[in-house]
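Novice: Below: sequence and its predicted model.
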Amino acid sequence: MAIELNHTIVAAHDKQQSARFLTELFGLPDAVPFGHFLVVTFEHGLSLDFADVPADEPIHPQHYAFLVSEGDFDAIYRKISDRNLPHWADPRAARPGEINHNDGGRGVYFRDPAGHYLEIITRPYGSGSG
């Protein structure tokens, strides 16, 4: 059985700001409106569909991890650094300003404007030593 994640909805207080943050940081095409969503599509077809949540309703932060190439990691991390975005080597934010080297790769955690936890990694978990 071939099952593939197609899309997920990402709550935001400002879907324009959150979608733009992701497309600029990751070098993706601009988000496209679809109904009341603002859709960011990745090369392999997955989309994150940003939806506005009223300002008086809380955002329940989710975690989104992205497997990237070494070159893409460098480019994204450079943007994180240039923007002085807080980032961590671990999900508990105990190692601020650091990169992890789990599984022989590199990884870093940071938050988007809505407060969601984003992670970029160059090796899938469990794929190597480290």
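Specialist: All right, it came through fine.

Novice: List the residues that contact residue 39.
Specialist: 7, 31, 32, 33, 47, 48, 49, 50 (C-beta atoms under 8 Å, 6 or more residues apart in numbering). C-betas here are computed from N, CA, C, even on glycine.

Novice: Spell out which residues sit in contact with the most centrally placed residue in the chain, please.
Specialist: In the chain, the C-alpha nearest the mean C-alpha coordinate belongs to residue 118, at 3.8 Å (C-alpha atoms, centre = their mean). Neighbour list for residue 118: 22, 63, 64, 65, 66, 109, 110, 111, 112 [criterion: C-beta under 8 Å, 6+ apart].

Novice: Please settle this for me: is the first one part of a helix?
Specialist: Yes - Residue 22 forms part of a helix when assessed by DSSP: H, G, I helix; E, B strand; the rest coil.

Novice: For the protein, just list every one of the strands.
Specialist: 7-12, 32-34, 37-41, 47-52, 63-67, 87-88, 107-111, 117-121 (DSSP state E).

Novice: gap between the residue nearest to the centre of the chain and residue 84?
Specialist: 16 Å (C-beta to C-beta, to the nearest Å).

Novice: burial of the closest residue to residue 125 other than its chain neighbours, as a residue count?
Specialist: Closest residue in space to residue 125, ignoring its immediate chain neighbours: residue 103 at 6.4 Å, by C-beta to C-beta, 6 or more residues apart in numbering. As a burial measure, residue 103 scores 17 neighbours (other C-beta atoms under 10 Å).

Novice: cool, residue 109 as well?
Specialist: Using other C-beta under 10 Å, residue 109 has 24 neighbouring residues.

Novice: ditto for residue 96
Specialist: By the criterion of other C-beta under 10 Å, residue 96 has 11 neighbours.

Novice: Assess the claim that it and residue 87 are in contact.
Specialist: Yes - in terms of C-beta atoms under 8 Å, residue 96 counts as a neighbour of residue 87; the distance is 7.4 Å.
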